[in-house]
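In: based on what follows, work out the 3D shape:
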Amino acid sequence: MKGALLLIMFTCLQVSASVYAQKKFSLDLKQTEVSNILTRIQKESDYRFFYNYSSIKKLRKVTLHVKDASINDVLEAVLGNKLPYKITADGVVFIYDQGTAQAQVPIKGKVVDTKGETLIGVSVKLQGTNIGATTNANGEFVINAPENGVLEFSYVGYEKQIVKIAGQTNLTITMVETNSNLDEIVIVGYGTAKKIDVTGSIASVKGSDIQNLPVSTVASALEGRATGVNIVRNDGTPGAAPSIRIRGTGTINDANPLVVIDGVPSNNPDALSDVNPNDIASVEILKDASSSAIYGTRAANGVVLVTTKRGTYSQKLSTSINAYTGVSKSTKYIDLLTAPDLYMLKRERYTNDGVAFEQPWEDAYYATQRTDWQKAILGSGKVNNIDVNIQGGNEASTYYFSTSFYDEKGIIDKSYFKRFSTRINSEHKIKPWLKVGQNLQVTYGENNGFNNNDSQAGLLFSALRYNPAIPTVNEDGSFGTSKVFANQLGDINNPYATIQKADAYNRKYRAVANVFAEVPIYKDLNFRVNYGFDGTINRSYSFDIQDLNQARRNPNSTLSQGEEDNYSHLLDLLLIYDKQVNKHHITFTGGYSLQSFRGSFFSAARTGYDDTSKDQRTLDNGKNLLAANGTYRDPYGLESVFARGFYDYDSRFLATLTFRADGSSKFASSNRWGYFPAFSLGWRLSNEQFMKNISWISNLKITGGWGELGNQNIDGFQYLSKIVVGNGYGTNGYTFGGNGVSGSAVIKTANPDITWERAAMTNVSVEAGFLQNKLSTTITWFDKNTKSMLVPALQIGTTGRVSAPDRNIGTMNNHGIEVDLNYQSGNEFQYSFGVNGSFIKNKVTQLYGTGAFIPSTVYGRSSQEISRTYEGQPVASFYGWKTAGLYQNQADINSDPYLTNDSRKGLIKPGDVRFVDINGDGKIDGLDRTYLGNPNPKATLGFQTKLSYKRIDLSANLAGVFGVSLYNADRMQGVDPTYSFNLYAEALNRWTGPGTSNSMPRMSLDRANDNYRTSDLFIENGNYVSLKNLTLGYTIPASIMKKATLNSLRLYVTGQNLFMITNYSGYTPELGYTNGNRQRGVDVAQYPSVRSFTFGLTLKL
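Out: Numbering: from 1, shown residues only. Below you'll find the model as predicted:
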């Protein structure tokens, strides 16, 4: 493998090195203008000509007959001794006026930024001529110019510099970052566009803004940086990928956006976890229909476009080394009862209920503190990262090679994530009419994360519940256990023992490749063909060793292994037309796309291991087959035709029209094709004559658009009945005569009418720039209506084990406002600030009709769902009972109208919760449950700042969420005394008599009132503001680096999650999904957030 990579690199470096020396010309021309001859040579080769047009125009027409002639032969025949010329090594031909060539001298120099770092690719031009040059990998340039000439230096993102030569032969130029980003190039899907010309809604994040952040996935680095994008943290386990929501949750099904990496679309929700952040040039998020419609059926939830770095033509080889190392700790610990307090409160339960104490609450041994279980399992984590990249190019090729290794050890022992990745990007001008290129990414990832999303068996759940009087390890070396007194200490396992016995891993091998060729067909029309491949191989392993000493014992050692493979192939055929005629600019992109997907899965488990040593833990050595399941996932394909036209008149009036037709084999032939149109219009008022005298307005543009997008991220082939084959061991087998035999059964009926989910989007935006664009803002209003949303069909009567199919009957709405505000200025001292905010309302507008709902998973003593999705409320709304404090005395109970007809009235005691009778029938039951809160944030905010003075730089990124409710389900169990577990310390504030508490019920084993059912007692405010990143850097002076024969060295220190402002009582308010989109913001003791400090360096050779 390594040899192959080196061979590819060598090829990238060597290909077409002698293109200019070998190029021959055959021309047969009669009485032709010299300028036309030069233009033809330029079109048939990579030579570039610079000359004074008026001087060339004066030359007579030429008749030319040459065959296989060199460039020198051709120029001698055309120019003779009329005008002198010079050919540079990189194929630039300078044609001088008579008498001026001798007056020009070579001017050398170097271009740097305000920190002294070299700038590569800066354009250097002799003012008033076409003579120019470009800085190389060391920021150096050489240009022939008169001693009294004037040079212009221009570079994207920097202010143009005008420098008089004044007899100097060696120059040092310092360029300052510009205040305007209007000329920035953004990726728009199958192409690029100037930001100033875009009429859709696109958020762009530069790769430099997320480089060297200590995160395992690019998605985490985007938090707070893009308007309308909510990064939802589902789990803090190393390597865990967050969910991405663009302009809200648009469906109860898969709402993740389409991820496109270098032109290859991926259905893998973890696709961003496989990309090295330091390889990224930019990330664009397409948010509205106009910008996303080019991707049709997969764009309803938005599109994330990742563009990786490439080399530059005529760029010297440059090498960069980035490395950092750091440590991490949990940002928070939950305040729990100590053993003496727990012993006291457990005994108080029996006293309050008037019953005799049970063991172990008569044994003083359990009143002694021995273990802080959180500190026993939550330690220090470590993170290390190193990556090396090499890039450059010659006149005919570019190349970029990188390799990286990321290694993160979690704050829980044996939890880890590591990734090794290699990337090779290259591009080659094989012929004047043929350009080819490729992008290749190969990744290996491995992780182990403990179960932390299980309300009864999660590792953190166990640590928060385990009795603090039990030691981690007994004196005899055995693990402490709660398996005493018939599990009166709780039927959960020692979490420390769980970690120490753990033997598991998940491994992933992934390759993403893209190969393309581009051919000019005629003048401004190009043809491009692209082949993409995305292949993933997953392997899982878990050995659960026999343990008879724990409460939830494992009677037999068990080995489980799984294999999952997924592959996709992509073919794109594109026509690209770009034409400028006077004030009219037209761009057209049309294409045909074909993508296929296939996959397979197999898992097996065996028990009965007499020898459990490491080398014996194989499936072959297990005596008993516990399970064996395999499936060949239904292959499916997507065929597409698409077109996008862009029109610009005088940079004032803008229009974009997009159409895509998609056919998916997931649907029956009658519903297979979906058609998705979109358009947007723009008016740049600041370019109108009546705005020219308003100097303080630098830019003013109004845009608006509408379109429809689709979503096919659903289980395929639901138009057919689903049949499952059982192997005699699983639930789908049959039993005859006491023996399991294989069988098959229909488990889901067909719906031949199933089709796409569709989303209609409207977008209106105003962009403005002030004070030469130092200050800029964008305000956007959007409305997204999801139609034909797939929801589970209601089942009427008895269907046995057969489930009903999904139906296209749901609708959902997301609408809101987005605001961006940015300011940047400064010369030697540079500073910039950016604030973005998204304000979104979500509502399910149609499901089945009045009263119908979609449930989520159940939780706790009450075994009732915490979240429900139903009409008129946000998706996954919290659903349960409202409360009105506690009953303070018997008189409160006797006079409560809520209990008039309640059979439990005589069982309720002072200190119990007073639930509200919503429907007014005089009793508390399931019909009194109602909407409790919204887990979808109404507002997400981000703030970024960059400060730099000479060689010192400081950057910060904050993110915040507002208008969100969370359900602390772990706290609901953590204060429930009817369990045998440890309790939250706030249980000390329980009701002990009238007026002592109005929120924490009495200590009791009695469950008659079900005090700890799903209610608003456990709804909490989930608002927060968090300092996600703070980086301080210092660049070593260039004079020192020059002595060390190095280009540059920057040292930096970064803090991650340094502080958070929140009133939430759990580990973190950053809670994601625990039952797909049907349950969000429910705390079941997930892996906590970590605070990290890293030190790193960036060395450029």
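
In: and Ile95, how many neighbours does it have?
Out: Close neighbours of Ile95, defined as other CB atoms under 10 Å, add up to 23. C-beta here means a position set from N, CA and C on the backbone, and glycine is covered the same way.

In: that one and Ser698, how far apart?
Out: Ile95 sits 39 Å away from Ser698, taking CB to CB, to the nearest Å as the criterion.

In: all helices of the stretch 301-450 of the chain, in order?
Out: Shown for the stretch 301-450 of the chain, the helices assigned by DSSP state H, counting those that start in this stretch span residues 339-353, 373-377.

In: show me which positions of the longest one end up buried.
Out: Taking 16 or more other CB atoms under 10 Å as the neighbour-count basis, helix 339-353 is seen to contain the buried residues Ala339, Asp341, Leu342, Tyr343, Leu345, Lys346, Arg347, Glu348, Arg349, Tyr350, Asn352.

In: how about stretch 311-327?
Out: Buried residues in stretch 311-327 (16+ other CB under 10 Å): Gly311, Thr312, Tyr313, Ser314, Gln315, Ser318, Ser320, Asn322, Ala323, Tyr324, Gly326, Val327.

In: bridged to the last one, which residues?
Out: With beta bridges defined as DSSP bridges, Val327 has these partners: Lys382, Phe1093.

In: picking up where we left off before, using a markdown table, lay out the helices of the stretch 301-450 of the chain together with distance to Tyr496 and mean pLDDT.
Out: A markdown table is the format used below for the helices of the stretch 301-450 of the chain (distance: least, CB to CB, whole Å; pLDDT from 0 to 100):
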| stretch | distance to Tyr496 | mean pLDDT |
| --- | --- | --- |
| helix 339-353 | 16 | 96 |
| helix 373-377 | 5 | 96 |
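
In: can I get those in JSON lines including distance to Asp73?
Out: Shown next, in JSON lines, are the helices of the stretch 301-450 of the chain (distance: least, CB to CB, whole Å):
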{"stretch": "helix 339-353", "distance to Asp73": "96"}
{"stretch": "helix 373-377", "distance to Asp73": "79"}
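
In: figure out which of the ones you listed is closest to Ile185.
Out: Across the helices of the stretch 301-450 of the chain, the minimum distance to Ile185, taken as CB to CB, is reached by helix 373-377, at 48.8 Å.

In: okay, domains of the chain per the record?
Out: Following the assignment in automatic domain parsing, the chain carries domains at 22-99, 334-373+453-483+976-1011, 882-928.

In: most tightly packed of those?
Out: domain 334-373+453-483+976-1011 (a mean of 18; mean count of other CB atoms under 10 Å).

In: report the distance from that domain to the chain centre.
Out: Computed by CA atoms, centre = their mean, to the nearest Å, the chain-centroid distance of domain 334-373+453-483+976-1011 equals 41 Å.

In: now do the end-to-end distance for that domain.
Out: End-to-end distance of domain 334-373+453-483+976-1011 (CA to CA, to the nearest Å): 22 Å.

In: spatially central residue in the protein, please.
Out: By CA atoms, centre = their mean, the mean C-alpha position of the chain lies nearest to Ala219, the distance being 2.6 Å.

In: wait, what's in contact with that residue?
Out: Ile231, Ala241, Pro242, Ile244, Leu272, Ser273 (CB atoms under 8 Å, 6 or more residues apart in numbering).

In: and for the fifth one, the neighbour number?
Out: Applying other CB under 10 Å, we find 24 residues neighbouring Leu272.

In: got the phi and psi for it?
Out: Note on Leu272: backbone dihedrals following degrees, to the nearest 10 are phi -70, psi -20.

In: so how far is Phe49 from Lys58?
Out: Noted for Lys58: a distance of 16 Å to Phe49, by CB to CB.

In: over to Ile37?
Out: Taking CB to CB, one finds Ile37 at 10 Å from Phe49.

In: repeat for Asn1077
Out: Going from Asn1077 to Phe49 by CB to CB gives 59 Å.

In: looking at this, Ala497 is in a helix?
Out: Yes: Ala497 forms part of a helix when assessed by DSSP: H, G, I helix; E, B strand; the rest coil.

In: could you count how many residues lie near it?
Out: With other CB under 10 Å as criterion, Ala497 counts 19.

In: what's across from the closest residue to it other than its chain neighbours in the sheet?
Out: Spatial nearest neighbour of Ala497, excluding adjacent residues (CB to CB, 6 or more residues apart in numbering): Phe479 at 3.7 Å. In this entry, Phe479 is beta-bridged to Val473, by DSSP bridges.

In: okay, Phe479: pLDDT?
Out: The model reports Phe479 with a pLDDT of 94.

In: do the same with Val303
Out: Note on Val303: pLDDT of 95.

In: excluding chain neighbours, what is closest to it?
Out: Spatially, and ignoring its direct neighbours in sequence, Val303 is nearest to Leu286 (4.1 Å; CB to CB, 6+ apart).

In: can you check Glu358 too?
Out: Nearest residue to Glu358 in three dimensions, chain neighbours excluded: Gln488, at 6.2 Å (CB to CB, 6+ apart).

In: how close does the one you found get to Asp976?
Out: 16 Å.

In: export the contacts of Ala219 to JSON lines and tack on secondary structure, distance to Thr945 and pLDDT?
Out: As requested, those are arranged in JSON lines below (DSSP: H, G, I helix; E, B strand; the rest coil; distance: CB to CB, whole Å; pLDDT from 0 to 100):
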{"residue": "Ile231", "secondary structure": "strand", "distance to Thr945": "19", "pLDDT": "92"}
{"residue": "Ala241", "secondary structure": "coil", "distance to Thr945": "28", "pLDDT": "86"}
{"residue": "Pro242", "secondary structure": "coil", "distance to Thr945": "23", "pLDDT": "90"}
{"residue": "Ile244", "secondary structure": "strand", "distance to Thr945": "24", "pLDDT": "93"}
{"residue": "Leu272", "secondary structure": "helix", "distance to Thr945": "25", "pLDDT": "91"}
{"residue": "Ser273", "secondary structure": "helix", "distance to Thr945": "28", "pLDDT": "90"}
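
In: so which of the helices of the stretch 301-450 of the chain gets nearest Asp572?
Out: Per CB to CB, nearest to Asp572 of the helices of the stretch 301-450 of the chain: helix 373-377, 49.3 Å.

In: what packs against the closest one?
Out: Applying 3 or more CB pairs under 8 Å, 6 or more residues apart in numbering; DSSP states H and E, we find helix 373-377 packed against helix 459-465, helix 495-501.

In: between those, which gets nearest to Gly224?
Out: Minimum separation from Gly224 across those (CB to CB) falls at helix 459-465, 25.9 Å.

In: output the contacting helices and strands for the closest one.
Out: The helices and strands touching helix 459-465, judged by 3+ CB pairs under 8 Å, 6+ apart, are helix 373-377, helix 495-501, helix 969-974.
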